[in-house]
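**Student:** Fold the following for me, if possible:
(one chain, ligands or ions: 1)
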Amino acid sequence: MADPKEGLTASLYIHVPFCARKCAYCDFYSIPLKPQDPRLEAYPAALLREARMQLNQAGLGHIPTVYIGGGTPSVLGPSGIEALLAGLKKFWGGIQGPSEITVEANPESASEGFLKACRDGGVTRLSLGIQTLHEPSRWAVGRVGAVSAIQEGLGLAQRIFGADFSVDLITGLPFQDESVLLRDIATVLSYEPGHVSLYALTVEPGTPLASAQVLAEMGLMDADREGELWIAGRDALESRGYGQYEVSNFARPGKESRHNIRYWRMENWLGLGPGASGTLIDDAAGRGVRLTVAPAVEAYLGRLSRGNAPERISEALDRRILMEETLLMGFRYREGPDPVLFRRRFGVDIEACIPPPILDRWSAEGLLQSAPLALTPAGLLHLNAFLAHLLSTTAS
Ligand code: SF4
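**Tutor:** Below is the predicted model:
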């Protein structure tokens with residue numbers, strides 16, 4: 001989507017790979033902090049050096065959205081986030097800057113000073129990682145932060161960001177049942193966030209939660225029960241005016257994440273910081289490239305301090321891979337893949353790439369709708385089965 005006169009349009013994802021402690025289910029690239037960790041102080045300057053290099057190299061003319069995620073960006077503290085946001089702001093001088101900037105925070109490190117530094121630095125949306133307010137479930141998966149600190153964090157978010165904040169919750173946690181989940185949702189909604197993400201717990205291989213001993217001790221619920229619990233959560237959110245606009249995301253009208261919609265539509269973004277991935281797509285050619293900064297924070301800081309670019313891993317996305325990813329991401333979104341963008345990118349309509357028996361079967365069961373072609377709310381519950389069916393047959 002490059003305009004030769006105005007430069008490339010791409011969002012920015014900025015990764016802060018530090019956390020107070022590693023949660024038992026987490027497979028993101030994140031590192032537990034040491035006391036007085038010197039890496040934390042060096043990090044904003046390194047990110048800004050990388051941003052200068054990447055923005056120049058990509059020839060950006062427009063950055064529609066920025067997302068600072070992690071890890072736990074709030075461990076940067078007020079001075080760290082202030083330095084990062086002030087440095088980024090200087091880049092907007094010669095190009096069209098973002099209309100949405102999101103920062104993720106965990107309540108135990110989201111102090112009033114941090115949230116005010118975010119707001120004063122131009123952040124338009126805050127995303128709070130709560131997951132649950134149920135102490136036994138928090139303890140079971142190693143989440144830091146007392147429930148009192150979470151409630152304080154929710155109060156600060158409401159006071160400083162109004163409704164422009166989101167809360168992450170997880171279903172299927174050990175020691176969680178429907179009454180616990182619905183109580184968590186009621187507590188969170190009493191602070192009136194504009195947006196809630198409701199994720200189902202996945203036990204990723206290699207995480208502490210995946211060890212046989214831990215699984216046996218925790219007695220994780222089976223898939224059917226987990227599914228019922230998630231549906232109870234979905235219904236509670238929808239009954240309070242939070243519409244499902246993606247498989248795990250709910251928002252009051254106008255409070256959707258524009259940055260994440262760009263992911264689901266597979267529109268360009270650059271990733272900065274160790275472990276961050278970006279995807280740049282040449283629509284005219286129907287192919288793209290994925291660039292991932294090597295997930296190694298020490299090497300990253302060392303290279304940037306010497307004025308060198310970080311190591312990046314490059315993966316070509318040929319027409320078939322890009323088409324599959326565009327469908328895979330697009331069907332997560334309640335409005336489905338963007339038909340105009342799909343035709344521009346691949347020269348065919350979405351319907352032409354899906355065998356009629358699949359369209360007929362999923363439509364007949366009320367799981368797929370046309371105009372726009374998208375999964376219905378009932379269909380979103382079977383997203384993985386639909387995608388597996390689709391990818392087994394997608395025409396290139
Ligand atoms: S706070 Fe988030 S990123 Fe950090 S370890 Fe826990 S789940 Fe992973």
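
**Student:** going forward, measure contacts between C-alpha atoms and count neighbours the same way
**Tutor:** OK.

**Student:** for the closest residue to Thr72 other than its chain neighbours, phi and psi?
**Tutor:** Closest residue in space to Thr72, ignoring its immediate chain neighbours: Cys19 at 5.2 Å, by CA to CA, 6 or more residues apart in numbering. Taking degrees, to the nearest 10, you get phi -140, psi 160 for the backbone angles of Cys19.

**Student:** In contact with Cys19: list those residues for me.
**Tutor:** 30-33, 71-72, 75 (CA atoms under 8 Å, 6 or more residues apart in numbering).

**Student:** Low-confidence ranges, the stretch 101-250 of the chain, go.
**Tutor:** The stretch 101-250 of the chain contains residues with pLDDT under 70 at 212-213, 215-216.

**Student:** Near whichever residue of it sits closest to the ligand, how many other residues are there?
**Tutor:** Residue of the stretch 101-250 of the chain nearest the ligand, by CA to the nearest ligand atom: Arg143 (6.5 Å). Arg143: 19 surrounding residues under other CA atoms under 10 Å.

**Student:** List the beta-bridge partners for Glu104.
**Tutor:** With DSSP bridges as the criterion, Glu104 is bridged to Ser127.

**Student:** Would you check that it makes contact with Val123?
**Tutor:** No - Glu104 is not in contact with Val123 according to CA atoms under 8 Å; the separation is 10.5 Å.

**Student:** now the contacts of Cys19 in JSON lines, with pLDDT?
**Tutor:** Shown next, in JSON lines, are the contacts of Cys19 (pLDDT from 0 to 100):
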{"residue": "Ser30", "pLDDT": "94"}
{"residue": "Ile31", "pLDDT": "94"}
{"residue": "Pro32", "pLDDT": "94"}
{"residue": "Leu33", "pLDDT": "93"}
{"residue": "Gly71", "pLDDT": "94"}
{"residue": "Thr72", "pLDDT": "96"}
{"residue": "Val75", "pLDDT": "96"}
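
**Student:** which of those count as buried?
**Tutor:** 30-31, 33, 71-72, 75 (16 or more other CA atoms under 10 Å).

**Student:** Can you tell me which of these is closest to the ligand?
**Tutor:** Nearest member of the buried ones among the contacts of Cys19 to the ligand, counting by CA to the nearest ligand atom, is Gly71, at 3.7 Å.

**Student:** mind listing the strands in the stretch 251-396 of the chain by residue range?
**Tutor:** Listed in chain order, the strands of the stretch 251-396 of the chain (DSSP state E, counting those that start in this stretch) span 269-272, 277-282, 287-293, 312-317, 368-369, 374-375.

**Student:** surely the residue of the stretch 101-250 of the chain closest to the ligand meets Cys23?
**Tutor:** Yes - using CA under 8 Å, Arg143 is in contact with Cys23, at 5.7 Å.

**Student:** Can you report phi and psi for the residue in the stretch 251-396 of the chain positioned nearest to the ligand?
**Tutor:** With CA to the nearest ligand atom, the shortest gap between the stretch 251-396 of the chain and the ligand falls at Gly275, namely 11.7 Å. Backbone geometry at Gly275, expressed as degrees, to the nearest 10, gives phi 90, psi -10.

**Student:** mind saving the C-alpha coords of stretch 33-45 as PDB?
**Tutor:** Extracted as PDB, the C-alpha positions of stretch 33-45 are listed here (Å, rounded to 0.1, in the frame of the first residue of the first chain):
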ATOM      1  CA  LEU A  33      13.200  -8.000  35.600                       C
ATOM      2  CA  LYS A  34      16.100  -8.000  38.000                       C
ATOM      3  CA  PRO A  35      16.200  -5.500  40.900                       C
ATOM      4  CA  GLN A  36      17.300  -2.100  39.600                       C
ATOM      5  CA  ASP A  37      17.600  -3.600  36.200                       C
ATOM      6  CA  PRO A  38      19.900  -1.400  34.100                       C
ATOM      7  CA  ARG A  39      18.400  -2.800  30.800                       C
ATOM      8  CA  LEU A  40      15.200  -1.000  31.700                       C
ATOM      9  CA  GLU A  41      16.900   2.400  31.700                       C
ATOM     10  CA  ALA A  42      18.700   1.800  28.400                       C
ATOM     11  CA  TYR A  43      15.600   0.500  26.600                       C
ATOM     12  CA  PRO A  44      13.600   3.600  25.500                       C
ATOM     13  CA  ALA A  45      16.700   5.200  23.800                       C
END
